[in-house]
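>>> structure of the sequence below:
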Amino acid sequence: DEMVVTLRRPLVERLRMTAAVMDSTASSTPHQLATKPIFLPSGMPESLEQRATKRLLQLVQDLTAERDEARERVRQLEQAMQGVVANDEVAELRKRNQALALENANMFTLKEENAELSAQLQAIWATVDGSVLDGRSDAPSTGT
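Residues are numbered from 1 along each chain as shown. Sure thing, here's the model as predicted:
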C-alpha cells in the first residue's frame, strides 16, 4: 500500500521527499550507510541487491581511502621536488654570484690599471710639453 500511496502523491511532494532523504544522507560516509537498517539482515535472507550494494559501498570506502593515500603521496612528492628545485636554483645563483664577484674584482683591478696608465700618460705629455718649450731636440717629432 505504501508503494501505491507514494506513487499517487503529487510529483512536487515526491521531489521534496527525495530531496529530504538526499540531504539527510549527504554527509554520510559509505561505512555509515552500510550500517543503516536497509543494509542489515533482519531475519530475512539478504537479497542479491543488498549484497551487491554492501559490496559496492565497501569498494567505495576502499577506493576513497586509496585515493586519499595517493593524494598524500603526491603532496609529499611535490614538496620534495620543490626542495630539489630550490636547491638547484640556489646552486645556480651561487655560481652566478661568484662569477659576478670575480667580474667585480676585475673591474676594480682594471680601474686601478687605467688610473696608473693615465698618470703615466700625463707624465709623458708633461715631458713632451717641457721638451718642446725648452727647445730640446730629444723630444719626439710630431711629423710637422
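
>>> where do the helices sit along this protein?
Defined through DSSP state H, the helices belonging to the chain, from first to last, are 2-8, 11-25, 30-34, 48-134.

>>> just name the most buried of the ones you listed.
When these are scored by mean count of other C-beta atoms under 10 Å, the highest mean neighbour count falls to helix 30-34 (a mean of 15). C-beta: built from backbone N, CA, C; applies to glycine.

>>> just to revisit the earlier point, can I get the helices of the chain in JSON lines including mean pLDDT?
Below are these laid out as JSON lines (pLDDT from 0 to 100):
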{"stretch": "helix 2-8", "mean pLDDT": "47"}
{"stretch": "helix 11-25", "mean pLDDT": "72"}
{"stretch": "helix 30-34", "mean pLDDT": "69"}
{"stretch": "helix 48-134", "mean pLDDT": "86"}
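
>>> how much space separates the residue nearest to the spatial centre of the chain from residue 91?
Relative to the mean C-alpha position of the chain, the nearest C-alpha, by C-alpha atoms, centre = their mean, is the one of residue 82, at 6.7 Å. The span separating residue 82 from residue 91 equals 15 Å under the rule C-beta to C-beta, to the nearest Å.

>>> equivalent analysis for residue 48, please.
Taking C-beta to C-beta as the measure, residue 48 and residue 91 are separated by 63 Å.

>>> check residue 13 too.
Using C-beta to C-beta, one gets 70 Å for the distance from residue 13 to residue 91.

>>> over to residue 110?
When distance is defined by C-beta to C-beta, residue 110 is 29 Å away from residue 91.

>>> next: residue 85.
In this structure, residue 85 and residue 91 are 11 Å apart, going by C-beta to C-beta.
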